[in-house]
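S.K.: sequence-free structure coming up:
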Ligand SMILES: Nc1ncnc2c1ncn2[C@@H]1O[C@H](COP(=O)(O)OP(=O)(O)OP(=O)(O)O)[C@@H](O)[C@H]1O
């Protein structure tokens, strides 16, 4: 556990970068520092490895004040990843990754093997080991940065905007792989970003900082979205926080209908009177083939002969959220989302009303205000 106790940092020019910050970053979890530019996130991060010493207050790791430890010894147990990876340009990828183990006196053969193992872990091909950083893409360089920080197997990782310098697609990939890696490694991670989406996706806990070094709120992502502490946090999260919260409602909450699904060998007649004009056609294995429009069916034959509209994307009942299901429903020609199992077989269909009911059941929708509730319950007239 990393503990901030009343930490203040005032620079000699009078700038207050951190103002009496108290906070806990639990062991084995990801704590994200997010907030406005100049809010003190980087300063807070750097007090952990003593790149910055506080003016007042203390930072403790597992109960021990970091100032009681020599910076070099302290940093051996703390990996550090920064934007643009910060790689040594004249060293190969392998040598970059092996930097800290070599400093610790490990043998060349051992560090080389470890470097290759780490490259595999972060999704880099071994063939890249002999390249130099300029011969890698931005996303690959960030992976090397993560591998280098992991090289000495530190229990703590500090990550300062590590994925900010890459395009959105690569960034999403790096985030997914980072989460997969953390599932395996269980490091204590402090992660700085100015991107609230990244914070919500990655953080077990999110600490929101405001200019002037004020810590405004610390909460889990769901609580942050449900109960922003004040207008600043609400504004920072954005007006679409309702939609974002649906990412935390499992799609398994939605009830599914089996109506409107027919096999490809069914006669077209059976789809002619489809309730809303659409029938989902599935193959013999139960996998979706496409949507048949009642208005555009051939005069005779089986559904396999009909021209089918594409499915778009399906949603997985096991892994997806109601947000993904809603997205699939909105993009589906029939307005219904196709639910599949782990093998891609159709389990049923969910329309927007089914998903709306799931949202209500999940408790994500706020309770109506008391007056509105009385009316909804039919008590309004007697009140
Ligand atoms: N060495 C320094 N001397 C004076 N002021 C500094 C110094 N380092 C940082 N600051 C100031 O401290 C405040 C907090 O900076 P910090 O870098 O921690 O913010 P941040 O939240 O990480 O910002 P950003 O998202 O823009 O990186 C800013 O006003 C910054 O200008």
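M.R.: Ah, there it is. Because the structure is a prediction, the values reported are computed rather than measured. Residues are numbered from 1 along each chain as shown.
S.K.: per-residue pLDDT, the closest residue to residue 62 other than its chain neighbours?
M.R.: Sequence neighbours aside, residue 1 is the residue nearest to residue 62 in space, at 6.1 Å (criterion: C-beta to C-beta, 6 or more residues apart in numbering). Yep, even glycine has a C-beta here, placed from its N, CA and C like the rest. Residue 1 is assigned a predicted lDDT (pLDDT) of 96.
S.K.: what do you get for the one 3 residues further on?
M.R.: Residue 4 is assigned a predicted lDDT (pLDDT) of 98.
S.K.: For stretch 263-283, buried residues please.
M.R.: Within stretch 263-283, the residues that count as buried by 16 or more other C-beta atoms under 10 Å are 264, 266, 268, 271, 274, 277-282.
S.K.: re the thing from before, who touches the residue nearest to residue 62 in this structure?
M.R.: Going by C-beta atoms under 8 Å, 6 or more residues apart in numbering, residue 1 touches 24-27, 60-63, 188.
S.K.: who wins for neighbours among those residues?
M.R.: Counting neighbours by other C-beta atoms under 10 Å, residue 25 comes out on top of the contacts of residue 1 with 26 neighbours.
S.K.: Surely residue 262 forms part of a strand?
M.R.: Yes - assigned with DSSP: H, G, I helix; E, B strand; the rest coil, residue 262 falls within a strand.
S.K.: biggest helix in the chain by residues?
M.R.: helix 168-185 (DSSP state H).
S.K.: That one - contacts with which helices or strands?
M.R.: Applying 3 or more C-beta pairs under 8 Å, 6 or more residues apart in numbering; DSSP states H and E, we find helix 168-185 packed against helix 138-150, helix 196-202.
S.K.: who's in contact with the first one?
M.R.: Here helix 138-150 makes contact (C-beta under 8 Å, 6+ apart) with 79-82, 84-87, 93, 96-97, 99-100, 115, 118-119, 121-124, 128, 133, 136, 157, 159, 162-163, 165-167, 170-171, 173-174, 177-178, 181, 185.
S.K.: and the ligand, which of the residues you listed reach it?
M.R.: Subset of the contacts of helix 138-150 in contact with the ligand: empty, counting by C-beta under 6 Å from any ligand atom.
S.K.: Can you flag which of the residues you listed belong to strands?
M.R.: Applying DSSP state E to the contacts of helix 138-150, the entries found in strands are 79-82, 157, 159.
S.K.: Distance check, residue 275 against residue 336.
M.R.: 10 Å (C-beta to C-beta, to the nearest Å).
S.K.: Common neighbours of those two, please.
M.R.: residue 260.
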